[in-house]
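Q: turn this into a structure:
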Amino acid sequence: TYWSVYKTFIVSPDTYENCFASGKTGWVSLSGAWSTYEKMLVSNGVANKVSSAYYGVGQYGDFTYEAIVKRVGSEESFLGVRMGTGKLGSNFAWYPGYLFGYKNTGQYAIFYMDPSGARKVIKNWTDSPAIKKNGWNTLKVIAKGNNFQFFIINTSVHSFKDTRRARGYIGFSFTRKATASQFLVDWMKVTIIAAQ
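A: Numbers count the residues shown, from 1 in each chain. The predicted structure follows:
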């Protein structure tokens, strides 16, 4: 009988979809209060800080992640992609990993949050006619190996290659000023991309 050398490996969770009609089982509030209300995942955020929540069942490697989201307010709103579980003590910024976001001013951006919590620009805030200002927007990320593609309401807005994060959690993150604000998720789905 022959035995191979002992190895550890991580198995990605299954494809997962939620319209939040039955709650938010599996979701972890990293910062800010997150709840379900009228079949949506909702947060009012924390004044002058970042609020984030992630699906804590497991870390994803290659996947398509999409969500229908709406923002009340003009600040930044993001999908978190291949994220860790770090949180800065100063402003609660979520790290490490990739953030794909938009603002109701009609701009989108992509950032990499490094292991120290510093924000590195991949694509700085850029105007996009695909964004529905003050309305519902479908954001989508396809992450396969080192390749990343980003879409807003089925319009491709950016793509790049990067090797810094091979897997991690998916979730949501947004900033808020002192005034009242809200982030809403109507639906989300993460679909595993099978190895070839």
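
Q: can we go C-alpha only for contacts and neighbour counts from here?
A: Fine.

Q: where does this structure dip in pLDDT?
A: By pLDDT under 70, the low-scoring segments of the chain are 1-11, 196.

Q: let's see 90
A: Residues of the chain meeting the criterion pLDDT under 90: 1-13, 179-180, 194-196.

Q: would you state the helices of it in chain order?
A: Listed in chain order, the chain contains no helices at all (DSSP state H).

Q: near residue 179, how many residues? Count them for me, please.
A: As a burial measure, residue 179 scores 9 neighbours (other CA atoms under 10 Å).

Q: from residue 185, how far off is it?
A: With distances defined as CA to CA, to the nearest Å, the gap from residue 179 to residue 185 amounts to 20 Å.

Q: residues in a beta bridge with residue 152, which ones?
A: The residues paired with residue 152 through beta bridges, assigned by DSSP bridges, are residue 139, residue 155.

Q: what's near enough to touch it?
A: Residue 152 sits next to 130, 131, 137, 138, 139, 140 when contact means CA atoms under 8 Å, 6 or more residues apart in numbering.

Q: how does it look with 10 Å?
A: Contacts for residue 152 (CA atoms under 10 Å, 6 or more residues apart in numbering) come out as 66-68, 101-102, 108, 128-132, 137-141, 158.

Q: tell me the buried residues within the residues you listed.
A: The neighbour-count test (16 or more other CA atoms under 10 Å) applied to the contacts of residue 152 identifies 66-68, 101-102, 108, 130-132, 137-141, 158 as buried.

Q: show me those residues that map onto strands.
A: Those of the buried ones among the contacts of residue 152 mapping onto strands are 66, 67, 68, 101, 102, 108, 137, 138, 139, 140, 141, 158, per DSSP state E.

Q: now the last one. Nearest residue, chain neighbours left out?
A: The spatially closest residue to residue 158, leaving aside those adjacent along the chain, is residue 150, at 5.3 Å (CA to CA, 6 or more residues apart in numbering).
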